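**Q** could you look at this predicted model? Sequence included:
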Amino acid sequence: MSIDFLVDVFTENPGAEAVVWQGRVYSYRWLLNRLAHWRAELAQQCIAPGSVVALEADFSPNAIALLLALIERNCIVVPLTPSVEAKKPEFLEIAQAETVITLDEADHAAVRRFSDAAQHSLYHQLRRLNHAGLVLFSSGSTGKSKGIVHDFTRLLQKYRTRRHNLRTLTFLLFDHIGGVDTLFYSLSNGSCIVTVADRSPDAVCAAVEAHRVEVLPVSPTFLNLLILSEAYTRHNLSSLKYITYGAEVMPQAVLDRCVELFPGVTVLQKYGTTEVGTLRSKSERSNSLWVKMGGDGFDIRVVDGMLQIKAQSAMLGYLNAPNPFTEDGWFITGDEVQVKGEYLKILGRASEIINVGGEKVYPAEVENVIQQMDNVADATVFGRPSPITGSMVCANVRLLQPEEPKAFRRRLKVFCSERLQSYKVPVKVKIVRDDQHSSRFKKMRLNTV
């Protein structure tokens with residue numbers, strides 16, 4: 001059975017805390033009992049092995065138990081959270097969902113079915129192996145979202161090795177590869193996951209304080225919001241041992257401030273993609289953007305400055321896009337990197353690089369400089385066509401306090417000119433009021449003007 005090792009952990013730790021949800025604690029004994037309930041319910045509902053089941057939920061005790069029961073039954077699971085509400089019809093169509101199980105805010109389930117059978121070749125592959133499947137969707141920031149199919153049975157293999165028992169907050173979402181990693185790492189070590197319905201800085205800090213959270217996995221964008229909000233001053237965060245970050249490039253200025261504010265906490269960069277899963281990683285230092293990554297089941301190489309990964313846990317393929325792997329099985333991540341011995345430094349997505357007269361401009365580098373300025377809350381840098389240089393550097397900037405726009409633009413250009421080469425200095429600068437991140441707390445660079 002693909003989850004037998006998890007059942008062993010639950011059985012060994014029946015009284016241990018497994019999930020904190022809406023302030024209530026659920027034990028591993030409760031999770032075992034609920035897993036038995038969902039085994040019977042899936043059989044009663046005639047949900048057959050190999051069925052494509054969309055699970056509309058966030059981290060909740062019932063969602064976790066149901067997810068485990070679906071894996072055990074070798075179903076193909078499509079988790080969908082409220083963050084993708086507008087895209088759910090599109091995702092259900094791409095995934096060819098046959099059944100949808102929705103868990104409401106009270107954790108009650110409703111089941112509905114579709115008449116069409118899922119016939120994608122990748123699903124046939126899973127059914128022949130009698131393996132569970134997992135379908136996740138890319139963010140779609142560079143176009144239409146891609147449906148990514150994993151062999152769930154194979155994906156779970158790396159969690160069979162027991163590691164550290166740490167209380168972890170589920171900041172990354174239920175339908176995100178980082179959220180999946182958080183969940184199964186915690187369950188496989190008999191740890192407690194602390195869930196939050198509200199991912200604002202104050203709500204997250206309140207949960208850390210109330211439930212003695214030890215690991216806080218977040219995005220750089222959220223860390224910047226946390227720092228600006230000063231929520232850390234209103235709550236006791238002394239239980240924290242690790243802050244992990246990933247999903248986008250971390251500005252050095254934000255990292256430095258984070259390390260300064262949390263001197264007793266190890267700040268660790270994580271790396272993964274929806275297509276290959278999450279790699280084990282080790283930052284050179286808490287305040288360093290250089291990271292060593294890999295681990296069992298993962299190999300990495302850099303070709304023409306681009307990171308490539310070969311993984312045992314790599315996806316089977318896309319539901320609605322061509323095979324992205326090289327002929328020898330490597331996944332081209334799209335991330336440009338620098339190499340220093342065993343360590344890598346992520347520079348940014350190749351698709352986001354701004355080409356100014358043949359010179360490369362990495363948005364994260366310019367954003368890092370702008371965010372060092374007084375009165376700047378956040379900055380988003382992107383390219384726009386230019387008849388002279390091909391592209392020009394543009395920036396949307398959110399301020400902490402109102403400032404006369406012309407004076408601020410002059411100040412920004414002087415500040416950047418003293419720290420960046422001339423072609424990297426933003427040509428157009430717009431002051432904005434709205435947040436510049438998605439519901440996943442990841443910076444959005446396209447269609448920002």
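**A** Arrived safely. What you see is a predicted model, and the numbers here were worked out from it, not measured in a lab. Numbering: from 1, shown residues only.
**Q** can you list the weak-confidence ranges in this protein?
**A** Under the criterion pLDDT under 70, the flagged ranges of the chain are 1, 139-143, 437-442, 444-449.
**Q** so in it, which helix runs the longest?
**A** Counting residues, the longest helix in the chain under DSSP state H turns out to be helix 28-44.
**Q** chain center to that helix, what's the gap?
**A** When distances are taken as CA atoms, centre = their mean, to the nearest Å, helix 28-44 is centred 28 Å away from the chain's centroid.
**Q** checking M373 next. Helix, strand or coil?
**A** What DSSP: H, G, I helix; E, B strand; the rest coil gives for M373 is coil.
**Q** can you tell me the element E209 falls in?
**A** Under the criterion of DSSP states H and E, E209 resides in helix 201-211.
**Q** list of residues touching that helix?
**A** With contact meaning CB atoms under 8 Å, 6 or more residues apart in numbering, helix 201-211 is reached by 20, 23, 167, 169, 171, 192, 194, 196-197, 213, 216, 218, 222, 225-226, 229, 231-232, 234-237, 239-240. To be clear about C-beta, it is placed using only N, CA and C from the backbone, and glycine gets the same treatment.
**Q** how about the CA coordinates for that helix, as CSV?
**A** Output in CSV follows, covering the C-alpha atoms of helix 201-211 (Å, rounded to 0.1, in the frame of the first residue of the first chain):
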residue,chain,number,x,y,z
PRO,A,201,0.8,38.6,8.8
ASP,A,202,-1.1,39.1,12.1
ALA,A,203,-3.1,35.9,11.7
VAL,A,204,0.0,33.9,10.9
CYS,A,205,2.0,35.3,13.8
ALA,A,206,-1.0,34.7,16.1
ALA,A,207,-1.1,31.1,15.1
VAL,A,208,2.7,30.7,15.6
GLU,A,209,2.3,32.1,19.1
ALA,A,210,-0.8,30.2,20.1
HIS,A,211,0.3,26.8,18.9
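**Q** next structured bit after it?
**A** Criterion used, DSSP H and E; the element after helix 201-211 is strand 215-218.
**Q** tell me what angle the next helix or strand after that following strand forms with helix 201-211.
**A** Of the helices and strands lying after strand 215-218 in sequence (DSSP H and E), the nearest is helix 220-229. Counting by axes from the mean of the first three to the mean of the last three CA atoms, to 10 degrees, helix 220-229 points 90 degrees away from the direction of helix 201-211.
**Q** which residues are in contact with helix 220-229?
**A** Under the contact criterion CB under 8 Å, 6+ apart, helix 220-229 has outside partners 171, 199, 201-202, 204-205, 218, 232, 243, 245, 247-251, 254-255, 257-258, 261, 371, 377-378, 400, 437, 441-443.
**Q** quick check: next helix or strand after that helix?
**A** strand 242-245.
**Q** what's next to that next one, contact-wise?
**A** Contacts of strand 242-245 (CB under 8 Å, 6+ apart): 166, 214-220, 223, 258, 262, 265-270.
**Q** direction included, what does that strand pair against?
**A** strand 215-218 (parallel), strand 266-269 (parallel) (DSSP bridges).
**Q** return the most buried member of the ones you listed.
**A** For those, the largest average neighbour count (mean count of other CB atoms under 10 Å) is found in strand 215-218, namely a mean of 25.
**Q** how far is that one from where the chain is centred?
**A** Counting by CA atoms, centre = their mean, strand 215-218 comes out at 11 Å from the chain centroid.
**Q** now the helices for the stretch 301-449 of the chain?
**A** Ranges of helices within the stretch 301-449 of the chain are 363-370, 405-417, based on DSSP state H, counting those that start in this stretch.
**Q** out of those, which is the most enclosed?
**A** helix 363-370 (a mean of 23).
**Q** count of neighbours near the residue lying closest to F184 once chain neighbours are set aside?
**A** Counting by CB to CB, 6 or more residues apart in numbering, the nearest residue to F184 once its immediate chain neighbours are dropped is Y159, at 4.8 Å. Using other CB atoms under 10 Å, Y159 has 20 other residues around it.
**Q** in a strand, Y159, correct?
**A** No - using three-state DSSP, the assignment for Y159 is helix, not a strand.
**Q** contacting residues around it?
**A** Going by CB under 8 Å, 6+ apart, Y159 touches 5-6, 184-185, 187-188.
**Q** L216 is in contact with S239, correct?
**A** No - with contact defined as CB atoms under 8 Å, S239 does not count as touching L216 (9.8 Å).
**Q** the residue positioned nearest the centre of the chain: which element?
**A** When CA atoms, centre = their mean is applied to the chain, the residue found nearest the centroid is G178 (4.3 Å). Assigned by DSSP H and E, G178 falls within helix 177-188.
**Q** CA atoms only: put that helix into CSV for me.
**A** Only the C-alpha atoms of helix 177-188 are listed here, as CSV (Å, rounded to 0.1, in the frame of the first residue of the first chain):
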residue,chain,number,x,y,z
ILE,A,177,3.6,21.4,-4.5
GLY,A,178,5.1,23.1,-1.5
GLY,A,179,1.9,22.6,0.5
VAL,A,180,1.9,18.9,-0.5
ASP,A,181,5.5,18.6,0.7
THR,A,182,4.7,20.3,4.0
LEU,A,183,1.8,17.9,4.6
PHE,A,184,3.5,14.7,3.9
TYR,A,185,6.8,15.6,5.5
SER,A,186,4.9,16.4,8.7
LEU,A,187,2.7,13.3,8.6
SER,A,188,5.6,11.0,7.9
